[in-house]
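Novice: Provided below for reference: sequence and predicted model.
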Amino acid sequence: MIIPFEHEWPQTAAEARALQEQLRARLDLNQPLRWDRLRTIAGADISYSCKGTRLYAAVVVLEFPSLKLRSVHTASGPVNFPYLPGYLSFREIPVLLKIFRRLTEDFDVLVCDGHGYAHPRRFGLACHLATLLGKPAVGCAKSRLIGQYQEPAWERGSFQVLYSDQEQIGWVLRTRTGVKPIFVSPGNFITFEDALRLALQASPRYRVPEPIRQAHLQVNQLRLREETQVPHAAIQ
DNA sequence: GCGACAG
DNA sequence: ATCTTGTCGC
């Protein structure tokens, strides 16, 4: 696919922060999802090498609503940005973009491993990626970055609002009865309500939404393959 | 100053 | 995220 919007990649947290504060003006969280035309969901995930110097990425495309795996796309690359809470997108998006540039297949919505709007500057990884791709995206994180909430009831489908002071920044959603909830927030080009509905519909069986779960399985297979083989120069 | 802190 | 063994429960 053509990436409709690109920018330089900052080397410092201060530059990254300025970019987040600039790009967040592009968020549109009032766009309803076209459920009637929803046919495919993409999922993206990252894995790190044991020494944390290299990262492995996978993007999968699933059919909706069956959530059947349709295609797998992978890439790897060096780590070029440290892990700093609030700046995850600058670490993980560059290698994901390598995949999306090569992707010929279309998809309707993207589910990302990490927060979207539920971010200190309202511009988490899902917001950043959605903005670059010009596609609707939802952020689904396994733990909280910021915000306050009340514990959802323990049945699957129970949820609570995730607040930053008085402002809603996301949801806390129980995708499996009796299991720790996930944190759902819109990335871009989607509403809070549609983000919540999509996250639940994408998680019929496991705690983690199927697009992320499948991407996670693929990314670990890729890492195993790449770390198992001997470097070319050492063979002969 | 202290604690919290997506992956 | 990664490292790391067994263990409890469906």
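Specialist: On my side now, so go ahead.

Novice: wait, does the longest helix seen in chain A make contact with DNA strand C?
Specialist: Secondary structure of chain A per DSSP state H: the longest helix is helix A:210-228. Yes: contact of helix A:210-228 with DNA strand C (C-beta under 7 Å from any atom of the strand) involves A:Asn220, A:Arg223. Yep, even glycine has a C-beta here, placed from its N, CA and C like the rest.

Novice: what's the answer for stretch A:172-179, then?
Specialist: No: shown here: stretch A:172-179 not in contact with DNA strand C (C-beta under 7 Å from any atom of the strand), separated by at least 8.7 Å.

Novice: give the contact list for A:Pro186.
Specialist: By C-beta atoms under 8 Å, 6 or more residues apart in numbering, A:Pro186 lies in contact with A:Leu29, A:Gly116, A:Tyr117, A:Ala126, A:Cys127, A:Ala137, A:Val138, A:Gly139, A:Gly170, A:Phe192, A:Asp194, A:Ala195.

Novice: can those go into a markdown table with extra columns for secondary structure, pLDDT and neighbour count?
Specialist: As requested, the contacts of A:Pro186 are exported to a markdown table (DSSP: H, G, I helix; E, B strand; the rest coil; pLDDT from 0 to 100; neighbours: other C-beta atoms under 10 Å):
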| residue | secondary structure | pLDDT | neighbour count |
| --- | --- | --- | --- |
| A:Leu29 | coil | 98 | 18 |
| A:Gly116 | coil | 98 | 33 |
| A:Tyr117 | coil | 98 | 29 |
| A:Ala126 | helix | 98 | 33 |
| A:Cys127 | helix | 98 | 32 |
| A:Ala137 | strand | 98 | 26 |
| A:Val138 | strand | 98 | 31 |
| A:Gly139 | strand | 98 | 32 |
| A:Gly170 | strand | 98 | 31 |
| A:Phe192 | helix | 98 | 20 |
| A:Asp194 | helix | 98 | 21 |
| A:Ala195 | helix | 98 | 29 |
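
Novice: Please list which of those are also close to DNA strand B.
Specialist: Restricting the contacts of A:Pro186 to those near DNA strand B - C-beta under 7 Å from any atom of the strand - leaves A:Ala126, A:Gly139.

Novice: tell me the two of the contacts of A:Pro186 that are most distant?
Specialist: A:Cys127 and A:Asp194 (15.0 Å; C-beta to C-beta).

Novice: And stretch A:185-200, what's buried?
Specialist: A:185-192, A:194-196, A:198-200 (16 or more other C-beta atoms under 10 Å).

Novice: What's the end-to-end length of it?
Specialist: In stretch A:185-200, first residue to last residue: 12 Å (C-alpha to C-alpha, to the nearest Å).

Novice: Okay, and the closest residue to DNA strand C within chain A sits in which element?
Specialist: With C-beta to the nearest atom of the strand, the shortest gap between chain A and DNA strand C falls at A:Cys50, namely 3.3 Å. Applying DSSP states H and E as the criterion places A:Cys50 outside every helix and strand.
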